[in-house]
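Trainee: Model the following, please.
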Amino acid sequence: MNQADTAWMLVSTALVLLMTPALAFFYGGLVRSKNALNTMMMSFVALGFVGVAWAIVGYSLAFATGTTLLGDLSRAFLRGVGLEPQGTIPHLLFMCYQATFCIITAALISGAIVERMRFPAYVTFITLWSIIVYAPIAHWVWGGGWLSKLGALDFAGGTVVHVNAGIAALVAAMVVGRRRDFKTAPLLPHNVPFTLLGAGVLWFGWFGFNAGSALAANGIAALAFTSTMLAPAGTLVVWTLLDMARSRRSTAVGAATAIVVGLVAVTPAAGFVGPMSAIALGAIAAFPSYFGLLIRARTSLDDSLDVVAAHGVGGTVGALLTGVFAQKALNGVADGALFGNPAQLGIQALAVLATIVYSGALSFVLLKVIALVTPLRAGVSEEGAGLDVTQHGEEAYVHAGGSAELPAASFDTAATAQAPAAEPYPAL
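Mentor: Numbers count the residues shown, from 1 in each chain. Just a heads-up that it's a prediction; the model follows:
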């Protein structure tokens, strides 16, 4: 047991836990005011339901000894998880740290189905998803599973967190369906300062997310910390230039989006790449996510807050570029293609593909099964009135519209057909 490592991991665990409330503000600012509380609650509720599911069975399936596909139930209900060392930190602390990853991964999915999914169905989905989808993939990569044995590199969750959540969000958006006023009414952010606040706190918490994944207060933690500082900076520069070239304006939502995309992209690479490689990785990652977001805005897919473009595409690009920029001289693990090991890129691609197939298929089945028990989406009048009132009996802004912004009785898509379309690329 090492006291410095324990102290650092206590701080890192708190930082990552803070990321889920930060995500609530990030997402909450991007929706209409009548759905702000519901959107934020979709993140906050994960702290409870997913956290408890992780302690009961998720941790065991992810990190207990089992097969190369799944851990066994020897750690269920945290049996044998105490103050004994796990590496150089207490086993309980390691479990808590990993719990924060599971919680925010499940919460990320909500961005694709805000403003129309019923809250009970959503809570059921993310709770079961954390056990059936997240835990097995975490075992594959971090729990001694088949991808780790194959040599896949994922320092802090490119495949386990971001590709996983991105494909689940895509499936959820398709299964739940579009908002009823999608493309017929302006669906613009109601509080951009909330979104900027969320992005800033996410970046702050992400130092625990990435540098904490070293599981020690050591040089690799410092390397990951540096990458987490520099990669989003590179993304922000490129994204701002793309915005200026496209529209001659640099938007606040664009800046917040860029920061998150850069953080997502560097996550799998954080402890494996040098500072200049981190900047290059972040800069490169801006392009596919930026144009992916623009393309999605012109399709019929209602991925409300563009989880797929930011996390799915960003996580995929980051995982692949890890196989390009990784340096064994820095991390002692493996080189990437740029340093003489092109095979690593193929391993990274296989890890991404396996995550997409498993998460996509199981997320689809899970949603369909839940739909047999309870409706997935709100009714016409509920969606029209806003999910704050209909799902929670509360309003975010009683004196600024709230549910009165669009009364249920007036919710008629035909009547709003002439409304101006939302600006493409409105949100993350």
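Trainee: From now on I want contacts and neighbour counts done on CA atoms only, so please keep to that.
Mentor: Fine.
Trainee: what residue lies at the spatial centre of this structure?
Mentor: Leu108 (3.9 Å; Cα atoms, centre = their mean).
Trainee: pLDDT score for it?
Mentor: Listed pLDDT for Leu108 reads 98.
Trainee: what does Ala297 give?
Mentor: Reported pLDDT for Ala297: 89.
Trainee: For Phe291, see how far away it is.
Mentor: 10 Å (Cα to Cα, to the nearest Å).
Trainee: more crowded one of these two?
Mentor: More neighbours surround Ala297 than the other of Ala297 and Phe291, with 21 against 14 (other Cα atoms under 10 Å).
Trainee: From Asp303, how far out is that one?
Mentor: Distance check for Ala297 against Asp303: by Cα to Cα, it reads 9 Å.
Trainee: Helices of the stretch 51-200 of the chain, start to end?
Mentor: 59-63, 91-108, 119-129, 135-142, 146-150, 164-176, 192-211 (DSSP state H, counting those that start in this stretch).
Trainee: Point out the most buried one among those helices.
Mentor: Stretch with highest mean neighbour count among the helices of the stretch 51-200 of the chain: helix 59-63 (a mean of 28; mean count of other Cα atoms under 10 Å).
Trainee: For it, name the packing helices and strands.
Mentor: Judged by 3 or more Cα pairs under 8 Å, 6 or more residues apart in numbering; DSSP states H and E, helix 59-63 is in contact with helix 91-108, helix 135-142.
Trainee: So which of the ones you listed is nearest Leu73?
Mentor: Counting by Cα to Cα, Leu73 lies closest to helix 135-142 out of these; the figure is 12.0 Å.
Trainee: Show residues contacting that closest one.
Mentor: 58-59, 61-63, 68-71, 145-148, 152, 154, 160, 355 (Cα atoms under 8 Å, 6 or more residues apart in numbering).
Trainee: got it, and stretch 108-119?
Mentor: Stretch 108-119 is contacted from outside by 23, 27, 31, 35, 38-39, 42-43, 165-166, 168-170, 172-173, 176, 179, 302-308, 375-378, 383, 386-387, 391, using Cα under 8 Å, 6+ apart.
Trainee: and with 7 Å instead?
Mentor: By Cα atoms under 7 Å, 6 or more residues apart in numbering, the surrounding residues in contact with stretch 108-119 are 27, 35, 39, 42, 165-166, 168-169, 172-173, 176, 179, 303-307, 376-378, 383, 387, 391.
Trainee: Distance of the closest residue to Trp54 other than its chain neighbours relative to Ala221?
Mentor: In this structure, Trp54 finds its nearest non-sequential neighbour in Ala99, 6.2 Å apart by Cα to Cα, 6 or more residues apart in numbering. According to Cα to Cα, Ala99 stands 20 Å off from Ala221.
Trainee: what bits of this structure have low per-residue confidence?
Mentor: In the predicted model, the chain carries pLDDT under 70 at residues 399-428.
Trainee: now the strands for it?
Mentor: For the chain, the strands defined by DSSP state E occupy 85-86, 89-90.
Trainee: Please work out which of those is packed deepest.
Mentor: Mean neighbour count (mean count of other Cα under 10 Å) peaks for strand 89-90 among the strands of the chain, with a mean of 22.
Trainee: Sheet-wise, list the partners of that strand with their directions.
Mentor: strand 85-86 (antiparallel) (DSSP bridges).
Trainee: surely the residue nearest to Trp54 meets Val50?
Mentor: No: here Ala99 does not reach Val50: they are 8.3 Å apart, not a contact under Cα atoms under 7 Å.
Trainee: Minimum distance to Ala252: which of the strands of the chain has it?
Mentor: Nearest to Ala252 among the strands of the chain is strand 89-90 (40.1 Å), distances taken as Cα to Cα.
Trainee: contacting residues around the closest one?
Mentor: The contact list for strand 89-90, computed with Cα under 7 Å, 6+ apart, reads 1-2, 5-6, 83-84.
Trainee: buried stuff in the helix ranked longest in the chain?
Mentor: Across the chain, the longest stretch assigned as helix under DSSP state H is helix 343-373. Residues 344-345, 347-352, 354-356, 358-360, 362-364, 366-367, 370-371 are the ones in helix 343-373 that count as buried (16 or more other Cα atoms under 10 Å).
Trainee: again with stretch 312-331
Mentor: 312-327, 330-331.
Trainee: Report how many residues lie close to Tyr397.
Mentor: With other Cα under 10 Å as criterion, Tyr397 counts 13.
Trainee: Now find how far off-centre stretch 49-61 is within its chain.
Mentor: Its chain's C-alpha centre and that of stretch 49-61 lie 18 Å apart, by Cα atoms, centre = their mean, to the nearest Å.
Trainee: Between the two ends of it, how far is it?
Mentor: This stretch, stretch 49-61, spans 17 Å end to end (Cα to Cα).
Trainee: which residues are in contact with it?
Mentor: Stretch 49-61 has contacts (Cα under 7 Å, 6+ apart) with 70-78, 95, 99, 103, 127, 130-131, 135-136.
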